[in-house]
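**Q** return a 3D structure for these sequence lines:
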Amino acid sequence: MGRSMNDLEIFERFPATRALGHVRLGQLPTPVESYPTLAAELGVGELLIKRDDLTGSLYGGNKVRKLEFILADALAGGHERVWTVGALGSHHVLATALYAREVGLEPHALHFPQPMTAHVLEVLRALSTTQPVLTPVESKNGLPFAMAKTHIREWLSRDKNPYYIPGGGSSPLGVVGYVNAALELARQIEDGECPKPDEIYVAAGTCGTLAGLILGARLAGLRATIVGVRVVDKVVCNAPLTAHMANKASQLIREAGGPDIPKICAGDVTLLDDFFGEGYGEETPEGLRVIETVAAHCDLELEPTYTAKTFAALAARAQSLADKRVLYWHTLSGADLSPLIASANIDRDLPPSYRALFDTPLPH
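**A** As a prediction, the model looks like this:
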């Protein structure tokens, strides 16, 4: 059967899964590139990078793959707005708001604090251009209660029908986006576009990306060790939760007419805990060092919260990877946000409590 350049790999391999629904947001597949100079600097055998920074021109990174399935479901259900949750500098909240507006949905978000950086302020400026409805909470500890209050408020309003997207887009449908990503990588290997990696490193936040890669690799018969690097609190990122997410997505695929995939167990999940640092969004010395190292050898941009910690884990394990082919899965958007940032009107489009964030000196 001929292959369509516009079709997802999961649909090509398992046509019945088209029943899951999908809206085209991204530019897939993303390339796999080799970085021999950086590999030599780090001391690893061979370094490949899966360029998911290039998933979309409006906004890239790992959220786009998830939102293609999630927003399709929201539209199919007749919803008019989507509601999600994340930190002030959340790339997920930004991606959700941008693409929700793109398909005609109104974005709502519940925001919890994180350390303020210039990058966080840029994210907020870009977010403001979507004219989102934002609800700040005082601390992460207050999140469950605030979430309950927001659900009640949404229910009582009865004016529209909200659609909830979990943090990071890590719903079963969102996980399917990264099942497809693993199948996409397998296809690139089969077609000779890149060699098979021995190990794959990826940031692990809300676990959806990691769960999808593990499930998709098993589905494709891709025998690479997938290593998640934890970048959030352990209560929301752990092996049992990752396995649970993978199995919920597996059930969804099976119910849509796809294959029956063997159960994923917590023991199938590799998660590194040693690179989180002092907290979410807190810079680490090894992360800052690796940002400079990568920038000196290629045009890839890392940021301190997710990607630098993940790459720092890879660099720290270089001795054991000296004879291995390693793939780093880059999950940070590479889209140029400067036009959005330049057009931002934070006084008009952000709640009054947010404006003080832009007047507070940043820590050095």
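**Q** so what's Leu332 scoring on pLDDT?
**A** Note on Leu332: pLDDT of 97.
**Q** and it, how many residues sit next to it?
**A** Using other C-beta atoms under 10 Å, Leu332 has 21 neighbouring residues. All C-beta atoms are positioned from the backbone trio N, CA, C, and that covers glycine.
**Q** enumerate every residue touching it.
**A** Taking C-beta atoms under 8 Å, 6 or more residues apart in numbering, we find Leu332 in contact with 53, 60-61, 91, 301-303, 306-307.
**Q** what's in contact with stretch 224-232?
**A** If you take C-beta under 8 Å, 6+ apart as the criterion, stretch 224-232 is touched by 196-207, 210, 213-214, 217, 237, 242, 269-273, 275-276, 280, 305-306, 309-310, 313, 327.
**Q** report the buried residues of it.
**A** 224, 226-232 (16 or more other C-beta atoms under 10 Å).
**Q** circling back to that earlier point, among the contacts of Leu332, which lie within strands?
**A** Using DSSP state E, no member of these falls within strands.
**Q** now rank the residues you listed by neighbours and give me the top one.
**A** Most neighbours among the contacts of Leu332, by other C-beta under 10 Å: Thr307, with 27 neighbours.
**Q** isn't it right up against His330?
**A** Yes - counting by C-beta atoms under 8 Å, Thr307 touches His330, with 6.6 Å between them.
**Q** now Arg187: closest residue in space that isn't a chain neighbour?
**A** Spatial nearest neighbour of Arg187, excluding adjacent residues (C-beta to C-beta, 6 or more residues apart in numbering): Glu9 at 5.2 Å.
**Q** ok, back up a step: now the buried residues of stretch 224-232 as JSON lines including secondary structure, pLDDT and distance to Ala76?
**A** Compiled in JSON lines, these are given as follows (DSSP: H, G, I helix; E, B strand; the rest coil; pLDDT from 0 to 100; distance: C-beta to C-beta, whole Å):
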{"residue": "Ala224", "secondary structure": "coil", "pLDDT": "97", "distance to Ala76": "34"}
{"residue": "Ile226", "secondary structure": "strand", "pLDDT": "98", "distance to Ala76": "31"}
{"residue": "Val227", "secondary structure": "strand", "pLDDT": "98", "distance to Ala76": "35"}
{"residue": "Gly228", "secondary structure": "strand", "pLDDT": "98", "distance to Ala76": "31"}
{"residue": "Val229", "secondary structure": "strand", "pLDDT": "98", "distance to Ala76": "34"}
{"residue": "Arg230", "secondary structure": "strand", "pLDDT": "98", "distance to Ala76": "34"}
{"residue": "Val231", "secondary structure": "coil", "pLDDT": "96", "distance to Ala76": "32"}
{"residue": "Val232", "secondary structure": "coil", "pLDDT": "92", "distance to Ala76": "30"}
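**Q** quick check: next helix or strand after the one helix or strand Ala203 maps to?
**A** Taking DSSP states H and E as the criterion, Ala203 maps to strand 199-204. Moving toward the C-terminus from strand 199-204, the next helix or strand (DSSP H and E) is helix 208-220.
**Q** now do that following helix: distance to the chain's middle.
**A** 14 Å (C-alpha atoms, centre = their mean, to the nearest Å).
**Q** remind me which residues of the stretch 1-150 of the chain are low pLDDT?
**A** Low-confidence segments of the stretch 1-150 of the chain (pLDDT under 70): 1-6, 139-150.
**Q** ignore the last one, the stretch 151-300 of the chain
**A** For the stretch 151-300 of the chain, the stretches with pLDDT under 70 are 151-160.
**Q** and Leu71, that's in a helix?
**A** Yes - under DSSP: H, G, I helix; E, B strand; the rest coil, Leu71 sits within a helix.
**Q** and the gap between it and Glu106?
**A** As defined by C-beta to C-beta, to the nearest Å, Leu71 lies at a distance of 12 Å from Glu106.
**Q** what residues do these two have in common as contacts?
**A** 82, 100.
**Q** between the two, which has more neighbouring residues?
**A** Taking other C-beta under 10 Å, Leu71 and Glu106 do not tie; Leu71 has more neighbours (27 against 18).
**Q** is that one in contact with Ala100, as I believe?
**A** Yes - judged on C-beta under 8 Å, Leu71 makes contact with Ala100 at a distance of 6.6 Å.
**Q** list the residues that contact both of those two?
**A** Common neighbours of Leu71 and Ala100, using C-beta under 8 Å, 6+ apart, are Val82.
**Q** flag every buried residue along the longest helix along the chain.
**A** Taking DSSP state H as the criterion, the chain has its longest helix at helix 172-190. Residues 172-189 are the ones in helix 172-190 that count as buried (16+ other C-beta under 10 Å).
**Q** same question for stretch 35-46.
**A** Neighbour count says stretch 35-46 has 35, 38-39, 41-42, 44, 46 buried, by 16+ other C-beta under 10 Å.
**Q** do stretch 197-217 as well
**A** Buried residues in stretch 197-217 (16+ other C-beta under 10 Å): 197-217.
**Q** distance from stretch 322-337 to the middle of the chain?
**A** 12 Å.
**Q** repeat that for stretch 261-276.
**A** Centre-to-centre, stretch 261-276 and its host chain are 17 Å apart (C-alpha atoms, centre = their mean).
**Q** name the surrounding residues that touch it.
**A** Contact with stretch 261-276 is made by 204, 210-211, 214-215, 218-219, 225-232, 234, 237-240, 242-243, 246-247, 250, 253-254, 284, 286-287, 309-310, 312-313, 316, as judged by C-beta under 8 Å, 6+ apart.
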